[in-house]
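**Q** mind looking at a prediction? Sequence and model below.
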Amino acid sequence: MSQQISRFSIIEKLNLNKGQTLRPPRFLVVMGAIAALGISLPLVYLIIRTMGIGGEQWWEFLRRKQTLEIIFNSVAMAVVVTLLSALIAIPLAFLTVRTDLPGRRFWAVVTTLPLAIPTYVGSFTLITTFSPRGSLLQTWLAPLGVERLPSIYGWPGVVAGIALFSYPYLLLSVRAGLQGIDPAMEESARSLGHNSWSVFFGITFPQLQPSIMAGSLLIILYALRDFGTPSLMRFNSFTRAIFTQYRASFNLNFAAALSLMLVLLVSIILLLEYQARTKAKYYSRGSASRRKHQLIRLGSWKWPALAFCSLVTSLCLVLPIGVITLWLLRASDPLAVLKSILPLTLNSAWAAGLAAIFSTLFALPVAILGVRFPGILTTLIERSSYIGFGLPGVVVALTLVFFGARYAPWLYQTMPMLVFAYLVMFLPQSVGTIRGSLLQVNPRLEESARILGHTPWQTFEKITIPLVRPGIISGAALIFLTAIKELPATLLLSPIGFRTLASQIWVATNDAAFVDAAAASLGLLIVCTGLTLVLISQEKYRD
């Protein structure tokens with residue numbers, strides 16, 4: 001009888017609390033506020049630094065030929081990269097989802113794996129293979145009298161270096177869109193006498209536009225934020241110009257001005273991406289969309305299709321692995337070279353591991369406040385956590401360089417400063433995964449624990465954390481994978497003498513020490529591929 005009364009009282013209290021917003025625990029608000037203030041610091045300091053430029057100087061700087069060239073180069077490069085990525089990704093998605101392509105499941109996997117290759121690693125392999133003199137191709141063609149190849153630097157190199165290793169973003173989006181289209185409309189069109197081409201352009205392609213737009217905007221964003229490929233390919237984009245302005249000029253205000261311009265441009269792209277993603281949610285998948293699509297028979301077209309898949313795989317996967325292996329075999333002692341990167345691998349894992357741990361610690365309260373305790377303050381904290389996603393790595397690094405050199409010299413070029421930069425840039429990734437897991441947990445479980453006498457901290461420790469553990473693990477792994485590939489922040493903020501795989505690749509490539517660059521690239525490629533496969537396997541297991 002007492003148990004029934006106790007259960008009744010709990011239910012009664014739950015019903016009384018229904019519809020009411022509980023006050024968030026103080027320790028969550030404090031941690032969330034610290035995270036929001038810390039992430040906002042680079043942007044605020046960037047604005048203050050830019051205000052040091054007078055009005056006339058600002059307009060003169062904006063109208064300069066070099067500034068206009070940087071803006072044009074960056075925007076045009078992002079558009080061309082996206083178009084090339086679309087020419088690769090859309091046919092691949094259609095072939096691996098809707099046709100009877102031989103081995104289409106195999107091609108679906110291998111054409112996605114270039115996502116694990118950092119663009120600067122891919123650019124390094126393109127340079128060593130196709131550079132004008134001393135490259136592998138030029139060496140092989142030397143007996144035929146070829147002393148110099150057309151230059152890969154500039155537009156050709158930067159477009160190929162980014163597009164060939166970022167197209168999987170669009171590929172995954174289009175494949176998901178193809179799998180969600182109701183096949184009944186296509187079947188009806190075929191029954192009315194339309195051929196495969198007219199069905200695709202009249203029925204399928206219009207329904208793919210939200211997926212194509214979302215994936216394309218991600219690639220545009222990636223191209224604008226990328227630093228390694230424009231630097232290696234000597235292309236004057238925003239990121240390379242900001243880095244050069246910082247290294248070559250004593251007036252850092254103009255570097256800050258360029259950084260703020262890039263932040264505004266990236267923010268516009270982020271807004272467009274958010275709107276496209278929001279619209280895509282309205283395309284529901286009913287029971288009809290779960291029906292199997294009728295595979296299109298390629299017939300004699302299967303040979304060109306296989307050639308296309310083979311070409312993409314060769315350029316984006318086989319070539320990087322093959323070039324890295326070939327350069328390692330050219331070393332006098334390949335095993336000694338591989339052993340030499342072990343400290344770099346440990347350094348990379350240490351820095352990325354700290355980034356994953358601290359980012360997750362601060363992402364937890366931010367996600368919980370946003371989901372469980374909606375309000376003006378908590379919403380402001382959650383929205384502030386996404387500021388870092390609009391700040392490219394080179395911008396975050398330079399703002400922290402400015403701040404550390406002037407206000408916190410004891411933190412400049414220390415591990416805490418580097419980890420803080422990672423936290424600013426990658427915290428939204430963990431917030432997003434934890435938020436997704438938290439939305440799947442019934443809040444009544446936490447309310448019941450509070451009613452039974454548990455303190456907010458005990459509820460957080462015993463109820464919330466165990467229930468959102470999958471999101472915590474996925475978010476931490478994603479941050480580790482992203483941080484270990486980060487280049488500009490690592491170059492500018494690492495402690496003196498602290499080398500990582502990413503910084504070793506950049507320095508060795510600039511010094512034409514291709515054996516050292518190949519060894520570091522192989523180490524990074526193994527780590528990134530392993531983590532990518534682990535994440536994919538976990539997702540399949542949860543499904």
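**A** Good, I have the coordinates.

**Q** okay, now the domains of the protein?
**A** For the chain, automatic domain parsing gives the domain ranges 56-113+155-226+240-310, 331-543.

**Q** could the ones you listed go into JSON lines alongside mean neighbour count?
**A** All C-beta spots, glycine's among them, are computed from the backbone N, C-alpha and C. Output for the domains of the chain, formatted as JSON lines (neighbours: other CB atoms under 10 Å):
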{"stretch": "domain 56-113+155-226+240-310", "mean neighbour count": "17"}
{"stretch": "domain 331-543", "mean neighbour count": "19"}
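
**Q** and residue 41, which of the ones you listed is closest to it?
**A** Closest to residue 41 of the domains of the chain is domain 331-543 (CB to CB; 7.1 Å).

**Q** what's the mean pLDDT across that closest one?
**A** On average, the pLDDT along domain 331-543 is 79.

**Q** and it, how far out from the chain middle?
**A** Centroid separation for domain 331-543 versus its chain: 12 Å, with CA atoms, centre = their mean, to the nearest Å.

**Q** dump the domains of the chain into TSV; add distance to residue 234 as well.
**A** Below are the domains of the chain laid out as TSV (distance: least, CB to CB, whole Å):
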stretch	distance to residue 234
domain 56-113+155-226+240-310	8
domain 331-543	10
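
**Q** nearest to residue 25, of those?
**A** Across the domains of the chain, residue 25 has its closest neighbour in domain 331-543 (3.4 Å, CB to CB).

**Q** quick one on the thing from earlier: which one of the domains of the chain lies closest to residue 30?
**A** domain 331-543 (8.3 Å).

**Q** quick one on the thing from earlier: residue 124 is nearest to which of the domains of the chain?
**A** Nearest to residue 124, of all the domains of the chain, is domain 331-543, at 5.0 Å by CB to CB.

**Q** tell me which of the domains of the chain sits nearest to residue 145.
**A** Using CB to CB, the domains of the chain put domain 56-113+155-226+240-310 closest to residue 145, at 22.9 Å.

**Q** quick one: low-confidence parts of the stretch 151-300 of the chain?
**A** Scanning the stretch 151-300 of the chain for pLDDT under 70 picks out 180-205, 207, 249-252, 270, 273-294.

**Q** what segments of it are strands?
**A** Applying DSSP state E, counting those that start in this stretch to the stretch 151-300 of the chain gives no strands.

**Q** just checking, what packs against the helix or strand where residue 505 lies?
**A** In this structure, residue 505 sits in helix 501-510 according to DSSP states H and E. With contacts taken as 3 or more CB pairs under 8 Å, 6 or more residues apart in numbering; DSSP states H and E, helix 501-510 sits against helix 119-130, helix 228-232, helix 342-372, helix 488-493, helix 514-542.

**Q** switch the cut-off to 6 Å
**A** Judged by 3 or more CB pairs under 6 Å, 6 or more residues apart in numbering; DSSP states H and E, helix 501-510 is in contact with helix 342-372, helix 488-493, helix 514-542.

**Q** okay, residue 43: pLDDT?
**A** Looking at residue 43, its pLDDT stands at 80.

**Q** and it, how many residues sit next to it?
**A** 21 (other CB atoms under 10 Å).

**Q** and for residue 34?
**A** Neighbours around residue 34, by other CB under 10 Å: 13.

**Q** skip the chain neighbours and tell me the closest residue to it.
**A** Take residue 34 and drop its neighbours on the chain: the residue closest to it by CB to CB, 6 or more residues apart in numbering is residue 362, 7.2 Å away.

**Q** the one you found against residue 35, yeah?
**A** Yes: applying CB atoms under 6 Å as the test, residue 362 and residue 35 come out as touching, 4.1 Å apart.

**Q** what about stretch 226-237, distance to the chain center?
**A** The answer for stretch 226-237 is 17 Å, by CA atoms, centre = their mean.

**Q** again but with stretch 321-341, I slipped
**A** On CA atoms, centre = their mean, the centre of stretch 321-341 falls 28 Å from the chain's centre.

**Q** before we move on, what about stretch 240-260?
**A** Relative to its parent chain, stretch 240-260 has a centroid offset of 24 Å by CA atoms, centre = their mean.

**Q** and if you look at stretch 105-116?
**A** With CA atoms, centre = their mean as the basis, stretch 105-116 stands 17 Å off its chain's centre.

**Q** pLDDT (mean, whole number) over it?
**A** pLDDT averaged over stretch 105-116 gives 84.

**Q** ok, and what's touching it?
**A** If you take CB atoms under 6 Å, 6 or more residues apart in numbering as the criterion, stretch 105-116 is touched by 92, 96, 165, 168, 309, 313, 316, 317, 528, 529, 532.

**Q** now stretch 375-394
**A** Under the criterion CB under 6 Å, 6+ apart, residues 32, 36, 39-40, 43, 225, 227, 239, 242-243, 266-267, 270, 366, 369-370, 424-425, 427-428, 431, 486, 488-489 lie in contact with stretch 375-394.

**Q** hmm, residue 222 is touching residue 168, no?
**A** No: the criterion here is CB under 6 Å, and residue 222 misses it with residue 168 at 10.8 Å.

**Q** ok, which of the helices and strands packed on helix 501-510 comes nearest residue 150?
**A** The closest of the helices and strands packed on helix 501-510 to residue 150 is helix 514-542. By CB to CB, the value is 20.2 Å.

**Q** chain center to the top helix by length along the chain: distance?
**A** Determined from DSSP state H, the single longest helix within the chain is helix 65-98. Offset of helix 65-98 from its chain centre (CA atoms, centre = their mean): 16 Å.
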